[in-house]
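Enquirer: Need a 3D model of the following:
(chains A and B)
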Amino acid sequence: MNTFHLDIVTPDGEAFSGEVESLLIRTDGGDTEILAGHADYVAPVGTGRARIRMGGVSRFASASHGIITVVGGDVKLAAVTFEFAEDIDVERAKRAKEAAEEKIRVAKDDRALMLARAKLERAIARIRASELKM
Amino acid sequence: MAGTSMNDIKARIKSVESTMQITRAMELVATSKLRRAKERAERTRPYFETVNDCMRRFISSCDSDSSPLLKKKEGGKTLFVVIAGDRGLAGGYNSNIFRLARALAGSAEAAYLPIGKRSLEYFKQKGAEVYCDSAAVAADMGVGDTMELGRVLTHGFLDGDFDRVILVYTKFVSMLSQLPAYEELLPLSPYEDGKKPPAEFEGDIEESFTKIASEYLGGILYSALSESIASEHASRRNAMSSAGNNAKEMIDTLVLKFNRARQAVITREITEIVSGAEAL
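Expert: Have a look, this model is predicted:
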């Protein structure tokens, strides 16, 4: 299968760099799969699962917030968080999920509600991604 | 007479020594915090460059009327995002930033979004308009908070709360040099390096633009915050190390004075004994 170069950076440093066969990521328009030779493309990235295929093997991850660009076949993803399933601390994610749910229950203003919802989304994405661990 | 002055000098030396202990402790704390902050600032850099690059590509492939975020307006209110520290005793770190912000604002209509306790206190005390005070503690801010601020800025701009956004922060040049700097965040300026390829978009271009722009602003804020925090610790470390040096110098002079005073007492006593013996 044809491959392309993928760079993933987060504020905590480089999360991934290498040749891959495909990248599945949740953009605003829904799950989008990028293969080699994709046309130039820009999209905001939402919170959700991601999947990288390399050498016929899939690696799952959770990603949240960012921008993805394809320029001349090179793919760059700048995400706020990007964690591979095997690196996710499931217990922590579960605790975060409960804490976020509690916050949503007691949220007084829109801002607090929005923040708590984003936290919940991230926690759910992490838990889902970790369930797909091989 | 000489005795009291000796005690006085002793007391001074003690007080300077305890001051020196404090400055030395603060210097050590700042050094270890600086190391962490510097690592964070360095880790963030590739992310920042990628975000910047993505945005540049994205803007250069759009028409200048594809989003209101690109429109320049004249004479409106300017919002200054001013990143300063949470604490003082950091040399000129806080005051340099405020001086720059004041110089930039001039007499034009301005509002402020302070980041850091000192920043909030300063603008409140000046009676300036504070747009949003939720980002008061700089050290507690994570990437989620800056993303939230990115959204606040984008929507405030779209709602016409302000017509320009300028970010004032401190650039971490090296351990010894930190420069106050500013950057115009909004309206986004189209780049004129002639990159054309019109990229493919998902859905509505204006909506995509707004979303991408707020991610971009959040990213920039996070990286400016990381740089500022590293600068704050570096600046505090330098201030404390020079305060420590000054204290050391002071102690040296005082010790010299003390020895002289002691010598004077001894000399006088000997003179008294000798003249007493002669009188016998």
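
Enquirer: how about the residue in chain A sticking out farthest from the centre, secondary structure?
Expert: Largest separation from the mean C-alpha position in chain A: A:Lys108, at 28.9 Å (C-alpha atoms, centre = their mean). Here A:Lys108 is recorded as coil under DSSP: H, G, I helix; E, B strand; the rest coil.

Enquirer: And it, how close does it get to B:Gly219?
Expert: 29 Å (C-beta to C-beta, to the nearest Å). Backbone N, C-alpha and C define where each C-beta goes, glycine included.

Enquirer: ok, now A:Thr69?
Expert: Applying C-beta to C-beta to A:Thr69 and B:Gly219 gives a distance of 13 Å.

Enquirer: Neighbour count: the two, which is higher?
Expert: Set side by side, A:Thr69 and B:Gly219 give different neighbour counts by other C-beta atoms under 10 Å in any protein chain shown, the larger being at B:Gly219 (28 against 23).

Enquirer: quick one: the helices in the chain?
Expert: Going with chain A. Residue ranges of the helices in chain A, as given by DSSP state H, are A:90-106, A:110-131.

Enquirer: ah, I was thinking of chain B
Expert: With DSSP H as the criterion, chain B has helices at B:2-60, B:93-105, B:117-125, B:143-158, B:205-279.

Enquirer: Excluding chain neighbours, what is closest to B:Tyr222?
Expert: Distances taken as C-beta to C-beta, 6 or more residues apart in numbering or on different chains put B:Thr146 closest to B:Tyr222, at 4.1 Å, once the chain neighbours are dropped.

Enquirer: I figured the one you found hits B:Tyr216, correct?
Expert: No. Under the criterion of C-beta atoms under 8 Å, B:Thr146 makes no contact with B:Tyr216, lying 11.3 Å away.

Enquirer: Give me the domain ranges for the chain.
Expert: Chain wasn't specified; assuming chain A. The record, using automatic domain parsing to delimit domains, assigns chain A the ranges A:4-86, A:89-131.

Enquirer: Not quite, go with chain B.
Expert: Under automatic domain parsing, the residue ranges defining each domain of chain B are B:2-14+B:244-279, B:23-238.

Enquirer: how close does the residue farthest from the centre of chain A sit to A:Leu115?
Expert: With distances defined as C-beta to C-beta, the gap from A:Lys108 to A:Leu115 amounts to 12 Å.

Enquirer: Find me the pLDDT at B:Arg236, would you?
Expert: In this prediction, B:Arg236 carries a pLDDT score of 93.

Enquirer: outside of the lowest-mean-pLDDT helix or strand in chain A, which residues touch it?
Expert: One helix or strand of chain A scores below all others by mean pLDDT, DSSP states H and E: helix A:110-131, with a mean of 78. Where contact means C-beta atoms under 8 Å, 6 or more residues apart in numbering or on different chains, the residues beyond helix A:110-131 that reach it are A:47-50, A:60-64, A:81, A:83, A:85, A:88, A:90, A:93-94, A:96-97, A:99-101, A:103-104, A:107, B:134, B:144, B:148.

Enquirer: check contacts around the residue lying closest to B:Glu17 once chain neighbours are set aside.
Expert: Counting by C-beta to C-beta, 6+ apart, B:Glu17 lies nearest to B:Ile251, which is 6.5 Å off, once chain neighbours are set aside. In this structure, B:Ile251 makes contact with B:Ile13, B:Val16, B:Glu17, B:Met20, judged by C-beta under 8 Å, 6+ apart.

Enquirer: Report the buried members of those.
Expert: In the contacts of B:Ile251, burial by neighbour count holds for B:Ile13, B:Val16, B:Met20, counting by 16 or more other C-beta atoms under 10 Å in any protein chain shown.

Enquirer: Is it possible to mark the buried ones in the contacts of helix A:110-131?
Expert: A:47-50, A:60-64, A:81, A:83, A:85, A:88, A:93, A:96-97, A:100, A:103, B:144, B:148.

Enquirer: before we move on, back to that, quick one, which of the helices of chain A is packed in tightest?
Expert: Burial among the helices of chain A, expressed as mean neighbours by mean count of other C-beta atoms under 10 Å in any protein chain shown, is greatest for helix A:110-131, which shows a mean of 18.

Enquirer: Now do that helix against helix B:143-158, angle only.
Expert: Taking axes from the mean of the first three to the mean of the last three C-alpha atoms, to 10 degrees, one finds helix A:110-131 and helix B:143-158 inclined to each other by 130 degrees.

Enquirer: Now do helix A:110-131: distance to the chain's middle.
Expert: Helix A:110-131 sits 12 Å away from the centroid of its parent chain (C-alpha atoms, centre = their mean, to the nearest Å).

Enquirer: show me where pLDDT drops low in the stretch 51-200 of chain B?
Expert: B:64, B:135-136, B:190-200 (pLDDT under 70).

Enquirer: Any chance of the backbone angles for the residue farthest from the centre of chain A?
Expert: Here is the backbone geometry of A:Lys108 (degrees, to the nearest 10): phi -100, psi -40.

Enquirer: could you measure the residue nearest the centre of chain A against B:Met147, distance?
Expert: Nearest residue to the geometric centre of chain A (C-alpha atoms, centre = their mean): A:Ala63, 1.5 Å. A:Ala63 sits 14 Å away from B:Met147 when distances are taken as C-beta to C-beta.

Enquirer: thinking again about what came up before, for B:Arg36, which of the helices of chain A is the nearest?
Expert: Among those, the nearest to B:Arg36 by C-beta to C-beta is helix A:90-106 (21.2 Å).

Enquirer: Quick one: list the elements packing against the closest one.
Expert: With contacts defined as 3 or more C-beta pairs under 8 Å, 6 or more residues apart in numbering or on different chains; DSSP states H and E, the secondary structure elements packing on helix A:90-106 are helix A:110-131.

Enquirer: Restricting to C-alpha, output the helix it packs on in PDB.
Expert: What follows is the C-alpha trace of helix A:110-131 in PDB, where atoms were taken according to Å, rounded to 0.1, in the frame of the first residue of the first chain:
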ATOM      1  CA  ASP A 110     -22.600  28.400  30.200                       C
ATOM      2  CA  ARG A 111     -18.900  28.700  30.400                       C
ATOM      3  CA  ALA A 112     -18.600  26.100  33.200                       C
ATOM      4  CA  LEU A 113     -21.000  23.900  31.300                       C
ATOM      5  CA  MET A 114     -19.000  24.200  28.100                       C
ATOM      6  CA  LEU A 115     -15.700  23.400  29.800                       C
ATOM      7  CA  ALA A 116     -17.200  20.400  31.600                       C
ATOM      8  CA  ARG A 117     -18.700  19.100  28.400                       C
ATOM      9  CA  ALA A 118     -15.400  19.300  26.600                       C
ATOM     10  CA  LYS A 119     -13.800  17.400  29.600                       C
ATOM     11  CA  LEU A 120     -16.400  14.700  29.400                       C
ATOM     12  CA  GLU A 121     -15.900  14.400  25.600                       C
ATOM     13  CA  ARG A 122     -12.200  14.000  26.000                       C
ATOM     14  CA  ALA A 123     -12.600  11.400  28.800                       C
ATOM     15  CA  ILE A 124     -15.100   9.400  26.700                       C
ATOM     16  CA  ALA A 125     -12.800   9.500  23.700                       C
ATOM     17  CA  ARG A 126      -9.900   8.300  25.800                       C
ATOM     18  CA  ILE A 127     -12.000   5.400  27.300                       C
ATOM     19  CA  ARG A 128     -13.200   4.400  23.800                       C
ATOM     20  CA  ALA A 129      -9.800   4.500  22.300                       C
ATOM     21  CA  SER A 130      -8.300   2.400  25.100                       C
ATOM     22  CA  GLU A 131     -11.000  -0.300  24.600                       C
END
